[in-house]
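1. sequence and predicted structure below; questions after.
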Amino acid sequence: MSHSIKASLSSSEALISEFIAMGSGLVSRNRYYYGFFSTAIKLPPGYTSGVVVAFYLSNADVYPHNHDEIDFELLGHEKRKDWILQTNMYGNGSVSIGREEKFRLWFDPTADFHEYSVIWNNHHIVFMVDNIPVREVQHTGAISPAYPSKPMSIYATIWDGSEWATHGGKYPVNYNYAPFAASLGKMEMSGCIFNGNATVVVHSCSSSSSPSSLDPVDGQDFVVLSKQQTQGLQWARKTLMIYSYCKDNGRFKVLPAECTNPK
């Protein structure tokens, strides 16, 4: 490895550290069915074009040809402090259709820690930044074939995304500005820990038929967005979203089913 992207990482849960090509990262000891997953991230300052910092769920190690994934990807930019937030998801190996949405951030992500959180259960997937929802994927019939449905591990990584992260690789990582250091602070993993046969898929693992409102799988606070959260979601999508795959008619001759038939 001629170059590496350095990361300063800390967490409240004991994690296994692993190094990947052109970067580094962490993966959780456990895999989870559903739950609430969050971490605080402080991004590298300065010129970071091509650098990708990601917080995501995946089971590609167990299902290399049929994997699920839920992604927060923070994309460095050729302009100082102009990081872009990208969200994405795959289910059952549906990688031929990227379901990306991109947002501008309303703060400087290099100046302090900010929280990036995912709710994932049988009802919906919600991406949140500092507790403000920026994207909700409801589990409808249209999205069901591509809805993540198998246990996943939690990852945090920093790596070289020169080939695709900035205008199709137009602005690759410039290692004259290295090292690029991202820091992880508070991390929370609250959900159904997987202990059984990896081929078994369950729709709920709540221990009670009447779960607490704070149960991340079936609790009311995690099943339906509140009025305040809905307002935040509408604000984020109206003022911050700069790309949605559902509006990319140039990319898709026929838009994915959930874009035209959300039910």
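-> Received the coordinates, thanks. This is a predicted model, so every value here is computed, not measured. Numbers count the residues shown, from 1 in each chain.

2. beta partners for Leu57?
-> Leu57 has these beta-bridge partners by DSSP bridges: Ile70, Ile154.

3. and it, how many neighbours does it have?
-> A count of neighbours around Leu57, defined by other C-beta atoms under 10 Å, yields 25. Glycine gets a C-beta too; all of them are placed from N, C-alpha and C.

4. distance of Tyr177 relative to Pro44?
-> Taking C-beta to C-beta, to the nearest Å as the measure, Tyr177 falls 9 Å from Pro44.

5. looking at the two, which one has more neighbours?
-> Higher neighbour count among Tyr177 and Pro44: Pro44, with 25 against 15, using other C-beta under 10 Å.

6. what's the closest non-adjacent residue to the more buried one?
-> Among residues not flanking Pro44 along the chain, Phe180 sits closest, at 4.2 Å (C-beta to C-beta, 6 or more residues apart in numbering).

7. using the three-state scheme, assign Val173.
-> Here Val173 is recorded as coil under DSSP: H, G, I helix; E, B strand; the rest coil.

8. quick check: closest non-adjacent residue to it.
-> Once flanking residues are discounted, Val173 sits nearest to Gly50: 3.6 Å by C-beta to C-beta, 6+ apart.

9. wait, that neighbour sits on Lys170?
-> No. Gly50 is beyond contact range of Lys170, at 9.6 Å (criterion: C-beta atoms under 8 Å).

10. wait, the residue nearest to Pro44 touches Ile158, no?
-> Yes. Phe180 sits in contact with Ile158 when judged by C-beta under 8 Å, with a separation of 6.8 Å.

11. what about those two, which has more around it?
-> Ranked by neighbour count (other C-beta under 10 Å), Phe180 and Ile158 place Ile158 first, with 29 against 25.

12. now do the host helix or strand of that one: distance to the chain's middle.
-> Here Ile158, judged by DSSP states H and E, is contained in strand 152-160. Chain-centre distance of strand 152-160: 9 Å, with C-alpha atoms, centre = their mean, to the nearest Å.

13. so which elements touch the next helix or strand after that strand?
-> Per DSSP H and E, the first helix or strand lying C-terminal to strand 152-160 is strand 183-193. Secondary-structure packing of strand 183-193 (3 or more C-beta pairs under 8 Å, 6 or more residues apart in numbering; DSSP states H and E): strand 8-9, strand 23-42, strand 152-160.

14. now do the longest one: distance to the chain's middle.
-> Read it as strand 23-42. Relative to its parent chain, strand 23-42 has a centroid offset of 10 Å by C-alpha atoms, centre = their mean.

15. may I have the strands that pair with it, each with its orientation?
-> In the sheet, strand 23-42 lines up against strand 15-20 (antiparallel), strand 114-120 (antiparallel), strand 152-160 (antiparallel), strand 183-193 (antiparallel) (DSSP bridges).

16. let's have those strands in TSV, adding distance to Leu26.
-> Listed next are these as TSV, based on distance: least, C-beta to C-beta, whole Å:
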stretch	distance to Leu26
strand 15-20	5
strand 114-120	14
strand 152-160	5
strand 183-193	8
